[in-house]
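**Q** How does the following fold in three dimensions:
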Amino acid sequence: MADFSFQNKNVVILIKDAILGGAERQALGFAKYIKDHYNCSVSIVVTYSNDQSDEFKSFLNEIGIDKVNYFGEPSLSVKNELSVKNLKKGIRALRYLIKITLGIRKLKPDVLVPFMNGPSKIASLIYNFTGAKNTFWHQLGLEVCFYDWLERIAVEKSPAIIANAENGLQVFKEYYKVPQEKLKILPQFLAIEKQDLDKENLKEQLSIPKDSLIIGMIAHYREEKYQELLIEAFSHIALNTNIHLVLLGNKDNNENTLKKYNKLIELIKKLDIEDKVSLLSGVDVHEVLNVLDIGVLVSEIEGTPNVVMEYMLYGLPVIASNHKGCCALLGDSPFLIPNDKNILIQKMKELIANENLRKNEGEKNAKMISQSSAENYFKELQIILNN
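**A** Have a look, this model is predicted:
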């Protein structure tokens, strides 16, 4: 499609859930930018649930979008086999795809912009029936693929596969054998702007001791995020010190996130560090970013993690698992680590003991992330869509 530009376009953004995790913050940041800079009309489509978190609603209000379109949870895993069970799955999938296609047609889209694998699968299957001229597969993080018949069709139909880190393309190269010319790497841009809030007032509001040095991890309460590892490491250095640990996620996202949240409460009690740890949910991310002295992200898998970018925006020293996306952001940082408790303890001790080191690392991170501009991102994205 020649000479594509987002200018004055009707853009439909497809997301999985109406919560405010990393992918959703990125999606709404995308919506805000194209509204403000390209005069786009933006519609939000939620493909996997009918619920909306308060944080998500607040972010929507900030960017001036007052309506979200819901189509219920799909059943889109259809195997390449002949069976009654699989036939029923195929019929359910077809009904959902027809319903969401007809719904999106009413929005008169020029382009569908999905975030994560599930919405990408849907967008690739239906975009040319909705009136949209283009879409792409948008791989954020390392979401598990279904490896089913519909997914194979969707991958083949997708005009381009865009990942935010090299490891996000692996499944498309090795399993789906996608031609190299369709595979693109486009690191995401910062979806939020820095807000300078009163740190001491925030500590009081969050019941954090005023003289504490605060270590924090902002991440979903999901199994692939290793809050347990951080809590256990923190417990070895927490006693008789003025450090405090803050964890932020959304416990009410689903049954699994609530289950993990409750397990973390039990672990904190077991380690007898309840007065040293704040386990938060439903708190604005800017409030937590403003109180932190050290940002941590330890996890099983990552693409290019939003939260590491946000730590860097706020000038924080960062300890992160040495996934490729984290390495791409933090360069040769000595605080990129394997998921090892003893190494995590050592790195936290280094930063806790040395204020100048914290300051230097934070300043270096803020300088590096300043290069991840939305302007450059959209320039590259429009080149990809033109090709």
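
**Q** now stretch 87-104, how far from the chain's geometric center?
**A** In terms of CA atoms, centre = their mean, to the nearest Å, the centre of stretch 87-104 is set 27 Å apart from its chain centre.

**Q** Pull out the buried residues from it.
**A** Going by neighbour count (16 or more other CB atoms under 10 Å), the buried part of stretch 87-104 is 89-90, 93, 96-97, 100-101, 104. C-beta here means a position set from N, CA and C on the backbone, and glycine is covered the same way.

**Q** Contacts made by it with the rest, please.
**A** Here stretch 87-104 makes contact (CB atoms under 8 Å, 6 or more residues apart in numbering) with 12, 45, 47, 69, 71-72, 74-79, 112, 122, 125-126, 129-130, 132, 150.

**Q** and after the host helix or strand of Glu310, which helix or strand comes next?
**A** For Glu310, the element it lies in under DSSP states H and E is helix 306-313. Downstream of helix 306-313, the next assigned helix or strand under DSSP H and E is strand 318-321.

**Q** Mind jotting down where the strands sit in the stretch 251-387 of the chain?
**A** Taking DSSP state E, counting those that start in this stretch, the strands of the stretch 251-387 of the chain run over residues 277-280, 294-297, 318-321, 336-337.

**Q** what's the burial count for Asn356?
**A** 7 (other CB atoms under 10 Å).

**Q** Now do it, the pLDDT please.
**A** The predicted local confidence for Asn356 comes out at a pLDDT of 98.

**Q** same deal with Glu310?
**A** With respect to pLDDT, Glu310 scores 95.

**Q** Also Asn387?
**A** For Asn387, the pLDDT comes out at 81.

**Q** Gly141 too?
**A** Per-residue confidence at Gly141 stands at 64 (pLDDT).

**Q** Now Gly282. Its backbone dihedrals?
**A** Comment: the main-chain dihedrals of Gly282 come out as phi 80, psi 20, following degrees, to the nearest 10.

**Q** Could you check how far it is from Phe115?
**A** When CB to CB, to the nearest Å is the yardstick, Gly282 and Phe115 sit 22 Å from each other.

**Q** ok, those two, which is more surrounded?
**A** Set side by side, Gly282 and Phe115 show more neighbours around Phe115, with 25 against 13, by other CB under 10 Å.

**Q** contacting residues for the more buried one?
**A** By CB under 8 Å, 6+ apart, the contact set of Phe115 is 13-16, 23-24, 26-27, 30, 138, 140.

**Q** quick revisit: please render the buried residues of stretch 87-104 as a markdown table that adds pLDDT, distance to Val318 and secondary structure to the earlier fields.
**A** Compiled in a markdown table, the buried residues of stretch 87-104 are given as follows (pLDDT from 0 to 100; distance: CB to CB, whole Å; DSSP: H, G, I helix; E, B strand; the rest coil):
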| residue | pLDDT | distance to Val318 | secondary structure |
| --- | --- | --- | --- |
| Lys89 | 91 | 43 | helix |
| Gly90 | 91 | 46 | helix |
| Ala93 | 93 | 41 | helix |
| Tyr96 | 95 | 40 | helix |
| Leu97 | 96 | 41 | helix |
| Ile100 | 96 | 39 | helix |
| Thr101 | 97 | 42 | helix |
| Ile104 | 97 | 39 | helix |
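
**Q** Export these as TSV, with columns for distance to His244.
**A** Formatted as TSV, the buried residues of stretch 87-104 follow (distance: CB to CB, whole Å):
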residue	distance to His244
Lys89	49
Gly90	53
Ala93	48
Tyr96	46
Leu97	49
Ile100	45
Thr101	50
Ile104	46
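
**Q** Asn8 is in contact with Lys35, isn't it?
**A** No. Taking contacts as CB atoms under 8 Å, Asn8 lies outside contact range of Lys35: 11.3 Å.

**Q** quick one, which of those two is more surrounded?
**A** More neighbours sit around Lys35 than around the other of Asn8 and Lys35, counting by other CB under 10 Å; the figures are 16 against 10.
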